[in-house]
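> using only what follows, build the 3D model:
(one chain, ligands or ions: 1)
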Amino acid sequence: MKAKLIANKNYVVGGISPKLYGSFIEHLGRAVYGGIYEPGHPAADDMGFRKDVLALVQKLGVPIVRYPGGNFVSNYNWEDGIGDKAGRPSRAELAWSSIETNQVGIDEFQEWAKRAGTEVMMAVNLGTGTVADAQNLVEYCNFPGGTKYSDLRRANGFDKPFDIKTWCLGNEMDGPWQIGHKTASEYARIANEAAKVMRLVDPSIELVACGSSHSNMPTFGQWETEVLNECWDQVDYLSLHSYYGNRDGDTAAFLACSLDMDNFIRSVEAICDAVKGIKHSKKTMYLSFDEWNVWFHSGEQDKKVEKWSVAPPLLEDVYTFEDALVAGCLLITLLKHADRVKLACLAQLVNVIAPIMTENGGAAWVQSIFWPFMHASLYGRGTALSCIISCDNYKTKAYGEVPYIEATAALNGSELTVFAVNRSLDEDVTLELELDGFGKLELLGHVQLNNADLKAVNTAANPENVKPSAGKTNGLTAQLEKHSWNVIRYKVS
Ligand code: AHR
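From the prediction side, this is the model:
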C-alpha cells in the first residue's frame with residue numbers, strides 16, 4: 001500500500017507545551033508503596049525512593065506528575081501525610097477499599113519529584129474537602145513563611161516553599177462513584193470559591209477545573225457549560241479524561257479509538273469557545289487531558305484482590321504490543337491538538353495502568369506503552385505541524401471509515417520528527433514524505449516498534465520482549481511495516 005504525508009514549515013498547529021508529556025501518581029494500589037517508594041529495597045535512596053524507578057521515570061522525560069489522585073483525592077486529608085511519619089494515621093481509603101498508611105504525603109512527593117526531574121501537579125479535595133482545606137494546602141506548599149501553615153512546613157524541615165504551579169480543582173466530580181460527587185452547579189460553586197482563595201494565597205498558580213470523566217457521561221456538555229459559566233475567570237484549563245480497551249477482541253477497531261479522543265477534544269474545544277463567545281471574552285480556555293491511557297486488562301483480577309490491605313496489586317494492566325500502537329495513536333492525536341491541549345497526563349506512571357512496573361523487593365521494567373511515550377516526549381517538542389495525509393481507509397462499526405495511517409510531525413529547532421502508526425494488520429505501507437520549506441534535510445534515523453505477536457508483553461522474566469528496532473527509511477521514502485509505530489527524524493538546515 002502507498003501513502004503520502006505533506007508537511008510544510010509554515011503550516012503550524014501551535015507550540016507544543018512540554019506539559020503534554022505529563023503523567024500521574026495516585027495513592028492507589030502499588031503506585032506509591034512498592035512503586036516509587038520502598039524503604040528497604042536494595043535500590044532505595046536515603047528517603048526510601050527506588051532509584052531504579054527514578055531512572056526509568058527520568059528516561060521518559062516527564063515534565064509534570066499529577067498527585068495524589070484520582071478518586072483517592074476526593075476523601076483525602078492532606079494533613080494526614082505531613083510531619084513526623086510515626087505520628088501519621090492509617091486510614092480506611094474508601095475510593096479503592098485499601099489501607100492508606102500516609103507514609104508518603106506532599107512533603108515526600110515534592111522531594112521525589114525533584115529527584116525525578118519533574119514538577120508536581122497537585123489536586124485538592126473538593127469531594128469531602130472544604131474551600132479552607134484547599135486554601136491551607138496552598139499556604140502550606142507555596143507561602144514563604146510567617147503564617148500557620150507555611151511555618152508548619154518549615155517546622156517539618158522544608159524552609160523553602162514547594163512552589164507548586166499547577167493545581168487541579170478536585171477530580172472527576174461529575175462521576176457518581178466519586179466520594180462527594182456533585183451536580184454541575186454544586187461543583188461549579190465550590191470550584192470557583194476554592195479557586196478564588198487559592199489564588200488569593202498565591203496569585204501565580206494555574207488552575208484546572210474538572211470537565212467530564214469521559215465523553216459518554218450523560219452530563220457531558222451540560223457539565224462543561226455550567227462549570228465554565230461559573231468559573232471562567234478563575235480557571236486556566238478544563239480537564240478531559242478517557243480510557244480505551246480492546247474488550248471485543250477487535251484489534252482493527254481498537255486501533256481506531258484515537259478517533260474518539262479526537263472527537264472528544266474537538267467537542268470540548270467547541271464548548272469552551274461557545275462559552276467564550278457568550279461571555280464576550282478574549283481568554284482562550286486551554287484543555288488538560290489529565291487522564292488518558294489503555295485500561296481494561298486488570299478488571300477481573302482486581303475483583304480477586306483482598307480489600308483493606310496496604311498497597312494491594314490493583315489496576316496492574318499488563319500491556320500488549322497492540323496497546324502500544326494505541327498509545328502511539330493517542331499521542332499523535334494530542335499533538336494534532338497542541339494548540340489547545342496544553343497539558344496531558346498518561347495515567348498512570350508506576351504499577352497502576354503504567355508504563356513502568358516493579359516487583360516488591362525485586363526488579364523494575366518497562367511495558368510496551370513506555371516506548372511510544374518516551375519517543376514522543378523526547379522528540380515531539382517545539383512546534384506541531386499540520387500535516388496532510390493521503391492514504392486508504394478501512395471500515396469499522398464503532399468509528400466508520402478509519403485511515404490506515406495516523407501521523408503527524410514536530411519541528412524542534414533544527415530537528416524535524418515524523419510520527420506515524422500503520423494501522424493495517426496485513427500490509428506494509430510505503431509512505432512518501434513531502435517535507436516543504438525546511439531547507440536541506442538529513443535523515444537522522446528511523447526507529448520503529450513492531451512485533452509479530454500483537455499480544456506480546458514485557459514481564460519481569462522477559463523485560464525486552466517488546467522493544468524498538470531500526471526502521472527502514474531511504475531519504476524521503478519510509479517503509480511502515482504492518483502494525484507498527486514509527487519515528488523518523490531529520491536534521492534541517
Ligand atoms: O486512573 C485511575 C482512576 O481513573 C482515577 O483514580 C480516576 O480519576 C479515574 O476514574
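> which residues touch Thr219?
If a contact means CB atoms under 8 Å, 6 or more residues apart in numbering, then Thr219 has Asp174, Ala184, Ser212 as its contacts. To be clear about C-beta, it is placed using only N, CA and C from the backbone, and glycine gets the same treatment.
> ranking those by neighbours, who comes first?
Comparing the contacts of Thr219 on neighbour count, Ser212 comes out first with 28 neighbours (neighbours: other CB atoms under 10 Å).
> ok, that residue - contacts?
Shown here is Ser212, whose contacts under the criterion CB under 8 Å, 6+ apart are Asp174, Thr219, Phe220, Trp223, Glu224, Leu240, His241.
> let's see which of those end up in strands.
In this view, these that belong to strands under DSSP state E are Leu240, His241.
> dihedrals phi and psi, Thr430?
Geometry field for Thr430 lists phi and psi as phi -90, psi 110, criterion degrees, to the nearest 10.
> so how many other residues sit close to it?
13.
> in space, what's closest to it - neighbours in sequence excluded?
Lys2 (5.2 Å; CB to CB, 6 or more residues apart in numbering).
> do you know how far the one you found is from the ligand?
40 Å (CB to the nearest ligand atom, to the nearest Å).
> ok, now Glu172?
Separation of Glu172 from the ligand (CB to the nearest ligand atom): 5 Å.
> ok, that residue touching Gly69?
No: with contact taken as CB atoms under 8 Å, Glu172 and Gly69 are classed as non-touching, separated by 9.3 Å.
> Gln448 looks like it's in a strand, true?
Yes: counting by DSSP: H, G, I helix; E, B strand; the rest coil, Gln448 falls inside a strand.
> quick check: pLDDT value at the closest residue to the ligand within the stretch 251-400 of the chain.
Nearest residue of the stretch 251-400 of the chain to the ligand, counting by CB to the nearest ligand atom: Ala347, 4.4 Å away. As predicted, Ala347 sits at a pLDDT of 98.
> list the contacts of it.
When the contact criterion is CB under 8 Å, 6+ apart, the partners of Ala347 are Ser23, Phe24, Arg66, His241, Tyr243, Asp290, Glu291, Trp292, Asn293, Trp295, Ile353.
> can you name the residues bridging to the fourth one?
For His241, the residues forming beta bridges with it (DSSP bridges) are Glu291.
> name the nearest residue to Asn171, sequence neighbours excluded.
The spatial neighbour of Asn171 that comes closest, neighbours along the chain excluded (CB to CB, 6+ apart), is Val73 at 5.2 Å.
> hang on, the one you found packs against Val124?
Yes: under the criterion of CB under 8 Å, Val73 lies in contact with Val124, with a separation of 7.3 Å.
> list the contacts of the residue of the stretch 51-200 of the chain found nearest the ligand.
Nearest to the ligand in the stretch 51-200 of the chain, going by CB to the nearest ligand atom, is Gly70, at a distance of 3.0 Å. Gly70 is in contact with Phe24, Glu26, His27, Leu28, Ala95, Ala123, Asn171, Gln348, counting by CB under 8 Å, 6+ apart.
> at 10 Å instead, please
When contacts are counted by CB atoms under 10 Å, 6 or more residues apart in numbering, Gly70 is found next to 24-28, 31, 76, 95-96, 123, 168, 171-172, 291, 347-348, 352.
> now it: phi and psi?
Main-chain torsions, Gly70, degrees, to the nearest 10: phi 80, psi 170.
> what pLDDT does it get?
The model reports Gly70 with a pLDDT of 98.
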